[in-house]
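In: what would the 3D arrangement of this be:
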Amino acid sequence: MTFSLILEQVLNGLQSGIMLFLMAAGLTLIFGVMGLINLAHGSLYMVGAFCAAAVAGLTGSFVLGLAAALAGAALAGALIELVVIRRLYARDHLDQVLATFALILIFSEGTRWVFGSFPLYLDVPDALSGPVALPLGIQYPAYRLAIIVVGLVVAAGLFWLIGRTRLGIRIRAGENDREMIAALGVDIGRLYTIVFALGAALAGLAGALVGAIQSVQVGMGEPVLILAFVVIVIGGIGSIKGAFIGALLVGLTDTLGRIFLPELFKLVMEPSAATQAGSALAQIAIYVLMAAVLVWRPTGLFGARA
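Out: You can find the predicted model right below:
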């Protein structure tokens, strides 16, 4: 296996990790600030993908599709926060899980009713449709490289928002003592709506970006949601930095494991058995990683110690 192929797979892992970060960042913000377990976060990822595919198909503009994904997912997030989620903050986690699971079913059937059961396809922009020549002779898809760049820019903006702005101060204060900031005059209901809409917009952006690589279909958000929960457990609940590091670790572990574990087993096993064993182990590698992190640090890499 050549060095250039290894670097190409590392870039694939980074791209996967960046997309997971966009999902996990919103999820960890919502849980950290509101204490809410939101199983419907994957549905907002799906909403963003469908909005992008529909608008890009009508207008022929991928940029307008991304804008529609951000706006549509943020609007959907704000609406469900106002109509449903706001009634769950004082309830226990079981009620939150049941209510947000019901939202998954509502979003899935609603999306199927509006768009139909057949997958939609989001075309890669012409400017990003070819490969880019990287050092060491690597030919890497321009669109995947653009996803990495966009994700890093969004991550930098999110770190700036949380660390340097008045809204960020309120979000961080809400994570530590929501009753105190409410007593100081902060409209806690408005803050919750903004945080939920922000998390939904990030999920919608991830769905739109991935929609040009995969098909856009009903139920596409549930597998990604599971990985996003793994990310925030590894990184530490409520930590944006933890979500970023955890997402990169999960993306690289998953991608490199699927490629290299079967090759590694071929050194000691016959090829068919090695492929089967390597593929099986690759599917559970991220959960092995999560277990190892929790054994070492039960609150996650950057979670607050109990």
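In: C-alpha from now on. contacts and neighbour counts both.
Out: Will do.
In: the host helix or strand of residue 205 packs against which elements?
Out: Assessed by DSSP states H and E, residue 205 sits inside helix 188-211. Secondary-structure packing of helix 188-211 (3 or more CA pairs under 8 Å, 6 or more residues apart in numbering; DSSP states H and E): helix 3-34, helix 41-59, helix 62-83, helix 166-176, helix 178-183.
In: out of these, which comes closest to residue 256?
Out: helix 3-34 (6.5 Å; CA to CA).
In: chain center to the closest one, what's the gap?
Out: Its chain's C-alpha centre lies 7 Å from the corresponding centre of helix 3-34 when counted by CA atoms, centre = their mean, to the nearest Å.
In: between helix 188-211 and that helix, find me the angle.
Out: Here the directions of helix 3-34 and helix 188-211 differ by 160 degrees (axes from the mean of the first three to the mean of the last three CA atoms, to 10 degrees).
In: returning to that earlier point: which among the helices and strands packed on helix 188-211 is found nearest to residue 192?
Out: helix 3-34 (7.0 Å).
In: what separation is there between residue 6 and residue 231?
Out: With distances taken as CA to CA, to the nearest Å, residue 6 is found 23 Å from residue 231.
In: can you spell out which helices and strands pack onto the lowest-mean-pLDDT helix or strand in the chain?
Out: Each helix and strand of the chain was given a mean pLDDT (mean pLDDT, DSSP states H and E); the minimum falls on helix 178-183 at a mean of 74. Taking 3+ CA pairs under 8 Å, 6+ apart as contact, the helices and strands that helix 178-183 lies on are helix 166-176, helix 188-211.
In: which residues does that helix contact?
Out: 33, 170, 173-174, 188 (CA atoms under 8 Å, 6 or more residues apart in numbering).
In: if you set the cut-off to 10 Å instead, what comes out?
Out: 33-34, 170-174, 184, 186-189 (CA atoms under 10 Å, 6 or more residues apart in numbering).
In: and it, what's buried?
Out: 178, 181 (16 or more other CA atoms under 10 Å).
In: try stretch 86-96
Out: By neighbour count with 16+ other CA under 10 Å, stretch 86-96 contains the buried residues 88, 96.
In: quick check: mean pLDDT of it?
Out: Averaging pLDDT along stretch 86-96 yields 85.
In: gap between it and the chain center?
Out: 23 Å.
In: that older thread, next, format the helices and strands packed on helix 188-211 as JSON lines and append distance to residue 264.
Out: Below are these laid out as JSON lines (distance: least, CA to CA, whole Å):
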{"stretch": "helix 3-34", "distance to residue 264": "14"}
{"stretch": "helix 41-59", "distance to residue 264": "34"}
{"stretch": "helix 62-83", "distance to residue 264": "40"}
{"stretch": "helix 166-176", "distance to residue 264": "44"}
{"stretch": "helix 178-183", "distance to residue 264": "50"}
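In: neighbours of residue 97, just the number please.
Out: Residues near residue 97, counting by other CA atoms under 10 Å, number 17.
In: where's it, which helix or strand?
Out: helix 93-115.
In: contacts for that helix, please.
Out: Taking CA under 10 Å, 6+ apart as the rule, helix 93-115 contacts 35-44, 46-47, 50, 54, 76, 80, 84-85, 87-90, 116-119, 217-222.
In: of these, keep whichever come out buried.
Out: For those, buried by 16+ other CA under 10 Å: 35-44, 46-47, 50, 54, 76, 80, 85, 88, 217-222.
In: which residues sit in contact with residue 15?
Out: Residues 9, 21, 144-149, 151-152, 210, 248, 251-252, 255 are the ones in contact with residue 15 under the rule CA under 10 Å, 6+ apart.
In: which ones among those map onto helices?
Out: Under the assignment DSSP state H, the contacts of residue 15 contribute 9, 21, 144-149, 151-152, 210, 248, 251-252, 255 to helices.
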